[in-house]
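> predicted model and sequence below, questions to follow.
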Amino acid sequence: DTAVSQTPKYLVTQMGNDKSIKCEQNLGHDTMYWYKQDSKKFLKIMFSYNNKELIINETVPNRFSPKSPDKAHLNLHINSLELGDSAVYFCASSQGDFRNSPLHFGNGTRLTVT
Amino acid sequence: GENVEQHPSTLSVQEGDSAVIKCTYSDSASNYFPWYKQELGKRPQLIIDIRSNVGEKKDQRIAVTLNKTAKHFSLHITETQPEDSAVYFCAASRTGGFKTIFGAGTRLFVKA
(Lines give C-alpha, C1' and ligand atoms only; values in the text may rest on other atoms or scores of the structure.)
Protein backbone atom coordinates (compact mmCIF):
# COMPACT_ATOMS: atom_id res chain seq x y z
CA ASP A 1 0.00 0.00 0.00
CA THR A 2 1.33 3.39 -1.00
CA ALA A 3 1.59 5.63 2.06
CA VAL A 4 1.44 8.98 0.26
CA SER A 5 -0.08 8.89 -3.19
CA GLN A 6 -0.47 11.79 -5.58
CA THR A 7 -2.02 12.06 -9.02
CA PRO A 8 -1.33 12.58 -11.77
CA LYS A 9 2.28 11.47 -12.14
CA TYR A 10 2.78 13.60 -15.26
CA LEU A 11 0.97 16.74 -16.31
CA VAL A 12 1.67 18.49 -19.62
CA THR A 13 -0.34 21.61 -20.34
CA GLN A 14 -0.23 24.96 -22.05
CA MET A 15 0.33 28.37 -20.56
CA GLY A 16 -2.79 29.97 -19.19
CA ASN A 17 -4.53 26.70 -18.33
CA ASP A 18 -5.73 25.68 -14.87
CA LYS A 19 -4.76 22.30 -13.40
CA SER A 20 -5.06 20.35 -10.15
CA ILE A 21 -2.90 17.80 -8.35
CA LYS A 22 -4.38 15.50 -5.72
CA CYS A 23 -2.68 13.95 -2.71
CA GLU A 24 -3.80 11.39 -0.17
CA GLN A 25 -1.98 9.78 2.76
CA ASN A 26 -2.99 6.68 4.70
CA LEU A 27 -0.42 7.04 7.49
CA GLY A 28 -2.76 8.77 9.93
CA HIS A 29 -0.54 11.87 9.90
CA ASP A 30 -2.01 15.23 10.81
CA THR A 31 0.38 17.46 8.87
CA MET A 32 0.67 17.63 5.08
CA TYR A 33 2.85 19.69 2.77
CA TRP A 34 3.47 20.73 -0.80
CA TYR A 35 7.07 21.06 -1.94
CA LYS A 36 8.34 22.26 -5.32
CA GLN A 37 11.51 20.77 -6.82
CA ASP A 38 12.98 22.80 -9.65
CA SER A 39 15.28 21.69 -12.46
CA LYS A 40 18.33 22.13 -10.20
CA LYS A 41 16.76 19.70 -7.71
CA PHE A 42 16.24 22.38 -5.07
CA LEU A 43 13.36 21.41 -2.72
CA LYS A 44 11.35 24.39 -1.54
CA ILE A 45 8.35 24.31 0.77
CA MET A 46 5.19 25.91 -0.58
CA PHE A 47 2.48 25.12 1.96
CA SER A 48 1.95 23.19 5.15
CA TYR A 49 -1.36 22.17 6.68
CA ASN A 50 -2.02 20.85 10.17
CA ASN A 51 -5.40 19.24 10.86
CA LYS A 52 -6.83 20.80 7.68
CA GLU A 53 -5.69 24.29 8.67
CA LEU A 54 -3.19 26.28 6.60
CA ILE A 55 -0.10 26.92 8.71
CA ILE A 56 2.58 27.94 6.24
CA ASN A 57 2.23 29.81 2.95
CA GLU A 58 5.77 30.38 1.83
CA THR A 59 5.27 33.47 -0.39
CA VAL A 60 3.67 31.43 -3.12
CA PRO A 61 1.76 33.39 -5.82
CA ASN A 62 -1.98 33.35 -5.21
CA ARG A 63 -2.42 31.45 -8.50
CA PHE A 64 -1.63 28.44 -6.30
CA SER A 65 -4.50 27.47 -4.05
CA PRO A 66 -4.21 24.44 -1.76
CA LYS A 67 -7.24 22.78 -0.24
CA SER A 68 -7.44 20.21 2.52
CA PRO A 69 -10.91 18.66 2.77
CA ASP A 70 -9.75 16.40 5.61
CA LYS A 71 -6.53 15.39 7.38
CA ALA A 72 -5.76 12.68 4.83
CA HIS A 73 -6.07 14.81 1.71
CA LEU A 74 -4.29 17.89 0.39
CA ASN A 75 -4.91 19.10 -3.14
CA LEU A 76 -3.21 21.83 -5.14
CA HIS A 77 -4.96 23.90 -7.77
CA ILE A 78 -2.95 26.14 -10.06
CA ASN A 79 -4.57 28.89 -12.12
CA SER A 80 -3.19 30.59 -15.22
CA LEU A 81 -0.15 28.34 -15.51
CA GLU A 82 3.15 29.95 -16.46
CA LEU A 83 6.33 28.51 -17.98
CA GLY A 84 8.12 29.00 -14.65
CA ASP A 85 5.67 26.68 -12.93
CA SER A 86 7.30 23.72 -14.68
CA ALA A 87 8.76 21.56 -11.91
CA VAL A 88 8.17 18.41 -9.90
CA TYR A 89 5.62 18.95 -7.14
CA PHE A 90 5.87 16.67 -4.13
CA CYS A 91 3.21 16.11 -1.55
CA ALA A 92 4.44 14.98 1.86
CA SER A 93 3.09 14.20 5.29
CA SER A 94 4.47 13.88 8.80
CA GLN A 95 3.23 12.80 12.21
CA GLY A 96 3.06 16.32 13.48
CA ASP A 97 5.44 19.11 14.05
CA PHE A 98 5.47 18.82 17.81
CA ARG A 99 7.22 15.48 17.61
CA ASN A 100 9.83 16.41 14.98
CA SER A 101 9.15 13.48 12.70
CA PRO A 102 10.44 12.90 9.16
CA LEU A 103 8.60 13.71 5.97
CA HIS A 104 7.03 10.94 3.91
CA PHE A 105 6.93 12.01 0.28
CA GLY A 106 4.62 11.02 -2.52
CA ASN A 107 6.10 10.01 -5.87
CA GLY A 108 5.81 13.50 -7.29
CA THR A 109 3.93 15.13 -10.15
CA ARG A 110 6.07 16.34 -13.02
CA LEU A 111 4.37 19.44 -14.41
CA THR A 112 5.45 20.70 -17.82
CA VAL A 113 4.01 23.98 -19.06
CA THR A 114 4.50 24.70 -22.78
CA GLY B 1 15.22 33.77 7.31
CA GLU B 2 16.03 30.13 7.79
CA ASN B 3 18.69 28.73 5.53
CA VAL B 4 20.59 25.46 5.16
CA GLU B 5 23.81 25.42 3.19
CA GLN B 6 25.16 22.14 1.85
CA HIS B 7 28.58 21.23 0.41
CA PRO B 8 29.80 19.90 -1.90
CA SER B 9 27.23 20.12 -4.69
CA THR B 10 28.86 17.16 -6.45
CA LEU B 11 31.00 14.38 -5.01
CA SER B 12 32.66 11.58 -6.92
CA VAL B 13 34.31 8.69 -5.05
CA GLN B 14 35.71 5.27 -5.83
CA GLU B 15 33.74 2.25 -4.65
CA GLY B 16 34.85 1.36 -1.14
CA ASP B 17 35.94 4.90 -0.24
CA SER B 18 34.16 7.14 2.25
CA ALA B 19 31.98 10.13 1.39
CA VAL B 20 31.32 13.14 3.60
CA ILE B 21 28.65 15.79 3.06
CA LYS B 22 28.53 18.89 5.24
CA CYS B 23 25.71 21.25 6.11
CA THR B 24 25.30 24.47 8.07
CA TYR B 25 22.03 25.85 9.37
CA SER B 26 21.13 29.39 10.33
CA ASP B 27 18.13 29.03 12.68
CA SER B 28 19.54 28.39 16.13
CA ALA B 29 16.13 27.05 17.19
CA SER B 30 16.46 24.10 14.77
CA ASN B 31 16.43 20.84 16.71
CA TYR B 32 15.80 18.10 14.17
CA PHE B 33 18.13 17.23 11.28
CA PRO B 34 17.03 14.55 8.80
CA TRP B 35 18.93 13.36 5.74
CA TYR B 36 17.16 12.23 2.58
CA LYS B 37 18.34 10.23 -0.40
CA GLN B 38 16.75 10.81 -3.79
CA GLU B 39 17.47 8.39 -6.61
CA LEU B 40 16.92 9.48 -10.19
CA GLY B 41 13.23 9.98 -10.93
CA LYS B 42 12.20 8.93 -7.44
CA ARG B 43 10.96 10.65 -4.31
CA PRO B 44 13.26 11.73 -1.46
CA GLN B 45 13.43 9.11 1.29
CA LEU B 46 14.73 9.41 4.84
CA ILE B 47 17.99 7.56 5.45
CA ILE B 48 18.93 8.82 8.91
CA ASP B 49 18.09 11.65 11.30
CA ILE B 50 19.51 13.23 14.43
CA ARG B 51 17.99 15.34 17.15
CA SER B 52 19.70 18.23 18.88
CA ASN B 53 20.20 16.38 22.15
CA VAL B 54 22.51 13.89 20.41
CA GLY B 55 25.97 14.53 18.96
CA GLU B 56 26.32 11.46 16.79
CA LYS B 57 24.22 8.62 15.40
CA LYS B 58 25.20 5.61 13.35
CA ASP B 59 23.26 3.11 11.27
CA GLN B 60 25.44 0.50 9.57
CA ARG B 61 27.52 2.34 6.94
CA ILE B 62 25.89 5.73 7.57
CA ALA B 63 26.63 8.12 10.40
CA VAL B 64 25.63 11.69 11.19
CA THR B 65 27.34 14.15 13.49
CA LEU B 66 25.97 17.38 14.91
CA ASN B 67 27.84 20.37 16.32
CA LYS B 68 25.17 22.64 17.79
CA THR B 69 27.61 25.35 18.79
CA ALA B 70 28.90 25.72 15.25
CA LYS B 71 25.50 24.89 13.73
CA HIS B 72 27.12 22.23 11.55
CA PHE B 73 26.01 18.70 10.80
CA SER B 74 27.52 16.10 8.51
CA LEU B 75 26.71 12.81 6.81
CA HIS B 76 29.37 10.13 6.57
CA ILE B 77 29.00 7.11 4.30
CA THR B 78 31.67 4.43 4.62
CA GLU B 79 32.50 1.61 2.19
CA THR B 80 30.51 3.27 -0.57
CA GLN B 81 28.79 1.11 -3.16
CA PRO B 82 27.48 1.98 -6.65
CA GLU B 83 23.92 1.85 -5.32
CA ASP B 84 24.78 4.75 -3.00
CA SER B 85 24.87 6.98 -6.10
CA ALA B 86 22.03 9.49 -5.69
CA VAL B 87 21.30 13.05 -4.59
CA TYR B 88 21.52 13.53 -0.83
CA PHE B 89 19.72 16.34 0.98
CA CYS B 90 20.33 17.59 4.47
CA ALA B 91 17.47 19.37 6.18
CA ALA B 92 16.59 21.18 9.38
CA SER B 93 13.42 21.91 11.26
CA ARG B 94 12.33 23.12 14.69
CA THR B 95 9.49 22.12 16.95
CA GLY B 96 6.37 24.09 16.08
CA GLY B 97 7.85 25.43 12.86
CA PHE B 98 5.75 23.25 10.55
CA LYS B 99 8.37 23.35 7.86
CA THR B 100 11.53 21.53 6.94
CA ILE B 101 14.23 23.56 5.19
CA PHE B 102 16.39 21.63 2.75
CA GLY B 103 19.95 22.10 1.62
CA ALA B 104 20.59 22.38 -2.11
CA GLY B 105 21.59 18.71 -2.41
CA THR B 106 24.78 16.79 -3.13
CA ARG B 107 24.99 14.58 -6.16
CA LEU B 108 27.09 11.56 -5.16
CA PHE B 109 28.68 9.38 -7.82
CA VAL B 110 30.24 6.09 -6.72
CA LYS B 111 32.49 4.65 -9.42
CA ALA B 112 32.82 0.90 -9.60
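Great, that's in hand.
> who does the residue nearest the centre of chain A bridge with?
The centre of chain A sits closest to A:Trp34, judged by CA atoms, centre = their mean, with a distance of 2.9 Å. Beta-bridge pairing for A:Trp34 (DSSP bridges): A:Phe47, A:Cys91.
> now B:Ala92: phi and psi?
Phi and psi for B:Ala92, reported as degrees, to the nearest 10, are phi -140, psi 150.
> how close does it get to B:Lys42?
22 Å (CB to CB, to the nearest Å). Quick note: C-beta positions are derived from backbone N, CA and C, even for glycine.
> how about A:Gly108?
From A:Gly108 over to B:Lys42 (counting by CB to CB), the distance is 8 Å.
> again, but for B:Val54
From B:Val54 to B:Lys42 the distance is 28 Å (CB to CB).
> more crowded one of A:Gly108 and B:Lys42?
When neighbours are counted by other CB atoms under 10 Å in any protein chain shown, A:Gly108 and B:Lys42 differ, and A:Gly108 comes out ahead with 22 against 13.
> what stretches of chain B score poorly on pLDDT?
B:1 (pLDDT under 70).
> who in chain A is up against chain B?
Chain A comes close to chain B at residues A:31, A:33, A:40-45, A:48, A:50, A:55-56, A:58, A:90, A:97-98, A:100, A:102-103, A:105-108, as judged by CB under 8 Å from any CB of the partner chain.
> in strands only, show me the residues you listed.
Counted as lying in strands by DSSP state E, out of those, are A:Thr31, A:Tyr33, A:Leu43, A:Lys44, A:Ile45, A:Ser48, A:Asn50, A:Ile55, A:Ile56, A:Phe90, A:Phe105.
> so which strand or helix has A:Met15?
For A:Met15, there is no host helix or strand (DSSP states H and E).
> what about it, distance to A:Asn100?
With distances taken as CB to CB, A:Met15 is found 40 Å from A:Asn100.
> the more surrounded of those two?
A count of neighbours by other CB under 10 Å puts A:Asn100 above the other of A:Met15 and A:Asn100, at 22 against 11.
> tell me, how many residues neighbour the nearest residue to the more buried one once chain neighbours are set aside?
Among residues not flanking A:Asn100 along the chain, B:Tyr32 sits closest, at 3.8 Å (CB to CB, 6 or more residues apart in numbering or on different chains). B:Tyr32 has 20 neighbours, counted by other CB under 10 Å.
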